[in-house]
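Participant: what follows is a predicted protein model with its sequence.
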Amino acid sequence: MFKEENQFWIYMVGIIVLMILSYFVVAGYQFPFAGFLIDQETNAYEYDKAPAMQLVSGKDYRAKIYTNKGLIELDLYEQNAPVTVNNFVFLANAGYYDGVKFHRVVNDFLIQSGSRTTLDRDPDNDGLGGPGYTFDDEINWSSLSLNSTQIANLQSAGYSNDISVTSRRLEKYAVAMANAGPDTNGSQFFIVTAANTDSRLDPLQGRHTVFATVVGGQSVVETINSAQIENAADDSISKPIGDYYIERVEIYSL
């Protein structure tokens with residue numbers, strides 16, 4: 001009797017589990033796998049935490065960003081910003097950037113991408129996408145030749161100095177994390193198209209983690225940089241007119 005009742009309850013629990021799984025499939029979701037949840041309706045990846053370190057010591061990491069305008073090649077700074085590079089490698093290998101648009105272009109200053117909300121039908125949320133987590137900046141102010149006024153401004157804004165790394169400056173063709181303030185890095189990044197002497201870069205030094213530089217396809221970067229702008233008067237949105245998007249990102253190492 002006891003054995004038969006036990007089998008019955010195992011059977012019932014199995015049915016309940018199947019019903020719950022069916023609900024999420026119908027709702028357009030998949031259960032978390034390896035720490036992430038995919039919303040199939042909005043193409044959003046919602047990870048529950050930042051990725052564990054997966055970079056292999058001694059390897060020189062590179063990236064090929066295939067866009068609809070051509071190929072952009074990056075040398076990733078795994079020595080200068082290991083956590084940030086690890087995050088980019090993780091997201092790229094997961095297909096996170098596939099199809100994502102360059103949603104912000106400030107001519108002769110920067111081009112920005114990395115938001116999966118550009119894949120939905122709402123243009124008003126294009127700059128709001130993220131992977132579901134944030135991670136800390138990796139910026140050593142002493143590496144950037146900042147003056148006392150710049151350092152004071154960073155401190156008053158809540159930024160902190162990370163002496164465990166040697167940082168790179170924002171300069172032409174540098175690739176850096178976009179953020180919403182201190183330690184709010186996620187998936188969005190920008191490529192600098194301004195000249196090194198452009199004074200607009202000065203207040204941004206020490207606020208954005210530089211994790212790569214463009215080593216090939218500079219002409220592709222300039223093509224995107226030269227896009228006509230829908231909101232040219234407002235640099236904070238400054239949407240390009242037309243399609244400029246990432247087809248896929250390939251990570252490799254030397």
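Facilitator: Received it, and whenever you're ready, just let me know what you need. Numbering: from 1, shown residues only.
Participant: next, the residue nearest to S219 when sequence neighbours are not counted: phi, psi?
Facilitator: Using CB to CB, 6 or more residues apart in numbering and skipping residues adjacent in sequence, the residue nearest S219 is G70, 7.3 Å away. Backbone N, C-alpha and C define where each C-beta goes, glycine included. Dihedral pair for G70: phi 140, psi -170, per degrees, to the nearest 10.
Participant: tell me the helix or strand right after the helix or strand hosting V215.
Facilitator: Assigned by DSSP states H and E, V215 belongs to strand 210-216. Going down the chain from strand 210-216, the next helix or strand is helix 218-225, by DSSP H and E.
Participant: assess the claim that the residue nearest to S219 and G217 are in contact.
Facilitator: Yes - the criterion here is CB atoms under 8 Å, and G70 meets it with G217 at 5.9 Å.
Participant: for stretch 96-104, buried residues please.
Facilitator: For stretch 96-104, burial by neighbour count (16 or more other CB atoms under 10 Å) applies to 96-98, 100-104.
Participant: nearest the geometric middle of this protein, what residue?
Facilitator: In the chain, the centroid-proximal residue (CA atoms, centre = their mean) is S187; its distance is 1.9 Å.
Participant: now the helix or strand hosting T149: buried residues?
Facilitator: Taking DSSP H and E as the criterion, T149 maps to helix 148-156. Within helix 148-156, the residues scored as buried using 16+ other CB under 10 Å are 150-151, 154.
Participant: now the two most distant members of the buried residues of stretch 96-104.
Facilitator: Largest separation among the buried residues of stretch 96-104 by CB to CB: D98 and R104, giving 18.9 Å.
Participant: I'd say D137 and N161 touch.
Facilitator: No - using CB under 8 Å, D137 is not in contact with N161; the gap is 9.6 Å.
Participant: quick one: which of the two has more around it?
Facilitator: More neighbours surround D137 than the other of D137 and N161, with 24 against 17 (other CB atoms under 10 Å).
Participant: from A180, how far off is the more buried one?
Facilitator: 12 Å (CB to CB, to the nearest Å).
Participant: the nearest residue to V100 once chain neighbours are set aside: neighbouring residues, count only.
Facilitator: Nearest in space to V100, with sequence neighbours left out and distances taken as CB to CB, 6+ apart, is I246 at 5.1 Å. For I246, the neighbour count with other CB under 10 Å is 21.
Participant: how about T197?
Facilitator: 8.
Participant: ok so, going back, the more surrounded of G70 and G217?
Facilitator: Neighbour count, other CB under 10 Å: between G70 and G217, G217 has more, with 20 against 14.
Participant: does the more buried one touch K69 like I think?
Facilitator: No - contact criterion CB under 8 Å: G217 and K69 do not qualify, at 9.1 Å.
Participant: now do the same end-to-end measure for stretch 222-242.
Facilitator: 15 Å (CA to CA, to the nearest Å).
Participant: now do that stretch: distance to the chain's middle.
Facilitator: Taking CA atoms, centre = their mean, to the nearest Å, one finds stretch 222-242 lying 20 Å from the centre of the chain it belongs to.
Participant: check stretch 232-249 too.
Facilitator: Worked out by CA atoms, centre = their mean, stretch 232-249 lies 15 Å from the chain centre.
Participant: what average pLDDT does it get?
Facilitator: Averaging pLDDT along stretch 232-249 gives 90.
Participant: just the buried residues of it, please?
Facilitator: For stretch 232-249, burial by neighbour count (16+ other CB under 10 Å) applies to 237-240, 244-246, 249.
Participant: take those and keep only those in strands.
Facilitator: Among the buried residues of stretch 232-249, DSSP state E puts 246, 249 in strands.
Participant: which two among the buried residues of stretch 232-249 are spaced furthest apart?
Facilitator: Put simply, by CB to CB the two of these set farthest apart are I237 and V249, 24.4 Å from each other.
Participant: for S167, which three-state class applies?
Facilitator: Secondary structure, DSSP: H, G, I helix; E, B strand; the rest coil: S167 is coil.
Participant: quick one: contacts for it?
Facilitator: Residues near S167 by CB atoms under 8 Å, 6 or more residues apart in numbering: 80-81, 138-141, 143-144, 209-210.
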